[in-house]
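Asker: kindly return the folded structure for what I paste below:
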Amino acid sequence: MSNGPEALLLAAEVLSPSQVAQFLNCPAKWMFRYLMDLKEPGTSAQALGKAFHETIAHNFRQKRDSSRDLPSAECLEFFRKALGERLQEAVLQKGEHPMEFLELGEMMVGKYLAEAAPLIQPAAVESRVSGIIGGVKVAGYVDLMDIEGRIIDSKTALKPIRGIAHDHRLQLISYVMITPAASGACRLDTVTKGKTVSLIQKSFVVAEQDRRYAEAIYPMVEDSIRDGIFLPRRSSPLCSRRYCGFWKACEKEYGGIVRPD
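Answerer: Numbering: from 1, shown residues only. The predicted model follows:
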């Protein structure tokens, strides 16, 4: 493992919102991914999410110039191809079948295109932004900013959700802080599967206490990385062989047993 002082300084030189969110969820997982550069086998849920995200971005890129959404059939064709490529990289669990995710994904894409996309006029799509938060260099890619300066992030979830998860909120706050044209308004669009596929939209405006929190968290994460202390979060509900592709590396590095389910 390359975690000498120079490697740690380099790893913490520029942080992304997704890196910080990952570190807060599990420092050990951050180490395996960003410091040791191990490759995590994808899951079917991740494949679905990435294909969905790529399809929505494909639609909004051309809408930025044309002011029109693509035909639903064209987007669904794009999604099928993207999902097929992503599933080839994924490790399916027992009982999971690619066709189930294809049918579910088509419903999710159709839901978003019908209910959310028509009301969005994009100004920037997957644009790289950078800035300083709490004295730390931060860079990342904003999924979407509309012509009013509102930052919109879209995600999928296989279970119904409530509110905005901490990591998603911190990412949106971070993007507002390092995007010059951002108005401060944010929205998280989540297409979720419950009894039916539904679209859940949660909006907020970044407030002073949000900025203060980000300005406190970023230097703390930077200092923790430089100190080289990467604790495994074995008590987390996401710490299991099902949800973490680094479980073998984690057991090898730290000992113990990662929960099988």
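
Asker: quick one: residues contacting the closest residue to Arg61 other than its chain neighbours.
Answerer: With CB to CB, 6 or more residues apart in numbering as the criterion, Arg61 has its nearest non-adjacent residue at 5.0 Å, and that residue is Val125. All C-beta atoms are positioned from the backbone trio N, CA, C, and that covers glycine. If you count contacts by CB atoms under 8 Å, 6 or more residues apart in numbering, Val125 has them with Ala57, Phe60, Arg61, Arg64, Asp143, Leu144.

Asker: again, but for Ser16
Answerer: Residues touching Ser16, when contacts are defined by CB under 8 Å, 6+ apart, comprise Val138, Ala139, Gly140.

Asker: host element of Gln171?
Answerer: Assigned by DSSP states H and E, Gln171 belongs to helix 166-178.

Asker: just the buried subset of the contacts of Ser16, please.
Answerer: Under a neighbour-count criterion of 16 or more other CB atoms under 10 Å, the subset of the contacts of Ser16 counted as buried comprises Val138, Gly140.

Asker: and which of the contacts of Ser16 is nearest Glu85?
Answerer: Closest to Glu85 out of the contacts of Ser16 is Gly140 (23.6 Å), distances taken as CB to CB.

Asker: wasn't that closest one part of a strand?
Answerer: Yes. Assigned with DSSP: H, G, I helix; E, B strand; the rest coil, Gly140 falls within a strand.

Asker: that one touches Met177, doesn't it?
Answerer: No. Between Gly140 and Met177 no contact is recorded; they are 10.8 Å apart, counting by CB atoms under 8 Å.

Asker: turn the contacts of Val125 into TSV, columns for neighbour count, pLDDT and secondary structure.
Answerer: Putting the contacts of Val125 into TSV (neighbours: other CB atoms under 10 Å; pLDDT from 0 to 100; DSSP: H, G, I helix; E, B strand; the rest coil) gives the following:
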residue	neighbour count	pLDDT	secondary structure
Ala57	15	97	helix
Phe60	24	98	helix
Arg61	15	96	helix
Arg64	16	96	helix
Asp143	23	93	strand
Leu144	23	97	strand
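
Asker: nearest to Val258 among these?
Answerer: Proximity of those to Val258, judged by CB to CB, is greatest for Asp143, which lies at 31.1 Å.

Asker: from Ile152, how far off is the closest one?
Answerer: Asp143 sits at a distance of 7 Å from Ile152 (criterion: CB to CB, to the nearest Å).

Asker: one step back: quick check, nearest of the contacts of Val125 to Glu215?
Answerer: Proximity of the contacts of Val125 to Glu215 was ranked by CB to CB; the top entry is Asp143 with 22.9 Å.

Asker: so that closest one touches Val129, yeah?
Answerer: No. Distance between Asp143 and Val129: 11.2 Å, which falls outside the contact criterion (CB under 8 Å).

Asker: sorry, back to before: other SSEs contacting the helix holding Gln171?
Answerer: The contact analysis (3 or more CB pairs under 8 Å, 6 or more residues apart in numbering; DSSP states H and E) places helix 166-178 against helix 17-25, strand 122-133, strand 136-146, strand 151-157, strand 185-193, helix 208-227.

Asker: for Trp247, find the nearest of these.
Answerer: helix 17-25 (14.6 Å).

Asker: now that closest one: buried residues?
Answerer: Of all the residues in helix 17-25, those buried under the rule 16+ other CB under 10 Å are Pro17, Gln19, Val20, Ala21, Gln22, Phe23, Leu24, Asn25.

Asker: show residues contacting stretch 195-211.
Answerer: Outside of stretch 195-211, the residues that reach it under the criterion CB under 8 Å, 6+ apart are 104, 107-108, 111-112, 115-116, 160-161, 163-164, 169, 172-173, 176-177, 184-192.

Asker: what does stretch 253-260 give?
Answerer: Defining contact as CB under 8 Å, 6+ apart, one finds that stretch 253-260 is touched by Met1, Ala28, Pro232, Arg234, Cys239, Ser240, Arg241, Arg242, Cys244, Trp247, Cys250, Glu251.
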